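> Fold the following, please.
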Amino acid sequence: MNGIRNKTLRNTVRVAVPFIIVPMLAIGGSLAFDRKRHIIISLAIAIFALLLFAAGFEKRNTGTRRMVIAAVMIALCFAGRFIPFLKPISALTIIAGIYLGGETGFLVGAMTAVLSNFYFGQGPWTAFQMLAWGLIGLIAGLLSEPLRRSRIFLLIYGAAAGMMYSFIMDIWTVLWYAEGFEVKLYLAALGTAIPYTASYVVSNVLFLSLLAKPFGEKLQRIKKKYGV
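Have a look, this model is predicted:
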């Protein structure tokens with residue numbers, strides 16, 4: 001009975017955190033908090049990302065080992081933000097989601113945003129970056145089997161993830177500019193962001209082409225060796 005209850009609770013967390021709680025925090029925080037106090041929202045999202053990560057495993061030792069690997073992926077993503085123009089953050093987050101699970105992918109994306117922004121600058125945009133990169137990793141985990149089997153599908157998902165990141169960040173742009181959501185402004189924001197969206201798409205396709213196979217093989221060996 002307890003096992004069924006725990007499984008139900010974990011499944012509830014897996015749905016509620018990424019698709020309800022985090023989006024509500026990001027949108028509500030952008031409207032209710034000023035720039036200086038918005039770190040509260042970002043830290044709250046980080047806590048929920050850790051909760052989601054914890055819901056993804058049952059054995060403590062397995063979770064601890066996965067956390068170590070996730071920390072390495074976060075560090076690589078952090079370093080990737082310093083690369084000019086084309087950045088590997090989304091690609092590495094996708095790889096983490098595919099080979100370590102969607103919950104780990106969400107954690108890698110979300111924590112990369114909040115930690116790296118202590119250098120690049122915190123603000124209301126951080127929560128939306130955490131949401132965008134987190135969802136990219138989570139969905140990659142949900143689609144892990146077809147993404148592993150088909151290189152073409154992987155690259156298509158990478159391109160779609162670049163567009164998704166831009167679409168989510170443009171929601172923040174409209175909320176910041178209009179202090180509310182307006183469809184016309186959102187469509188205008190999408191239009192003006194086309195060059196940035198294109199760079200996200202190119203970055204994801206490029207780095208997935210270069211990194212997916214070698215990183216995937218190493219993560220597979222690590223998982224097999226340490227029972228992750």
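
> So, low pLDDT: which residues of this protein?
Residue ranges of the chain with pLDDT under 70: 1-3, 34-35, 58-63, 228.

> which residue is nearest the middle of it?
When CA atoms, centre = their mean is applied to the chain, the residue found nearest the centroid is G134 (1.9 Å).

> wait, that residue sits on A49?
Yes. With contact defined as CB atoms under 8 Å, G134 counts as touching A49 (6.4 Å). For every residue, glycine as well, the C-beta is placed using N, CA and C.

> okay, and the common contacts of the two?
Shared contacts of G134 and A49, defined by CB atoms under 8 Å, 6 or more residues apart in numbering, comprise V22, F106, L107, A110.

> Which strands and helices lie in contact with the host helix or strand of the residue nearest to the centre of the chain?
Assessed by DSSP states H and E, G134 sits inside helix 124-142. Counting contacts by 3 or more CB pairs under 8 Å, 6 or more residues apart in numbering; DSSP states H and E, helix 124-142 packs against helix 22-32, helix 39-54, helix 89-100, helix 102-120, helix 151-178.

> Kindly reformat the ones you listed as TSV and extend each row with mean neighbour count and distance to G191.
Below are those laid out as TSV (neighbours: other CB atoms under 10 Å; distance: least, CB to CB, whole Å):
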stretch	mean neighbour count	distance to G191
helix 22-32	18	21
helix 39-54	19	28
helix 89-100	29	22
helix 102-120	25	25
helix 151-178	18	10
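
> Distance to F128 added to those helices, as JSON lines?
Shown next, in JSON lines, are the helices and strands packed on helix 124-142 (distance: least, CB to CB, whole Å):
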{"stretch": "helix 22-32", "distance to F128": "5"}
{"stretch": "helix 39-54", "distance to F128": "10"}
{"stretch": "helix 89-100", "distance to F128": "14"}
{"stretch": "helix 102-120", "distance to F128": "9"}
{"stretch": "helix 151-178", "distance to F128": "4"}
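
> Quick one, which of the ones you listed gets closest to G141.
helix 102-120 (2.4 Å; CB to CB).

> chain center to the closest one, what's the gap?
How far helix 102-120 lies from its chain's middle: 7 Å, per CA atoms, centre = their mean, to the nearest Å.

> okay, it in PDB with CA atoms only?
Provided in PDB are the C-alpha atoms of helix 102-120 (Å, rounded to 0.1, in the frame of the first residue of the first chain):
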ATOM      1  CA  GLY A 102      13.900  13.600 -17.800                       C
ATOM      2  CA  GLU A 103      14.100  14.600 -14.200                       C
ATOM      3  CA  THR A 104      17.900  14.900 -14.400                       C
ATOM      4  CA  GLY A 105      17.600  16.800 -17.600                       C
ATOM      5  CA  PHE A 106      15.200  19.300 -15.900                       C
ATOM      6  CA  LEU A 107      17.600  19.700 -13.000                       C
ATOM      7  CA  VAL A 108      20.600  20.300 -15.300                       C
ATOM      8  CA  GLY A 109      18.800  22.900 -17.400                       C
ATOM      9  CA  ALA A 110      17.300  24.700 -14.400                       C
ATOM     10  CA  MET A 111      20.400  24.800 -12.200                       C
ATOM     11  CA  THR A 112      22.600  25.800 -15.100                       C
ATOM     12  CA  ALA A 113      20.400  28.900 -15.600                       C
ATOM     13  CA  VAL A 114      20.300  30.000 -11.900                       C
ATOM     14  CA  LEU A 115      24.000  29.200 -11.200                       C
ATOM     15  CA  SER A 116      25.500  30.800 -14.300                       C
ATOM     16  CA  ASN A 117      23.300  33.900 -13.800                       C
ATOM     17  CA  PHE A 118      25.200  34.700 -10.600                       C
ATOM     18  CA  TYR A 119      27.900  35.700 -13.100                       C
ATOM     19  CA  PHE A 120      25.800  36.800 -16.100                       C
END
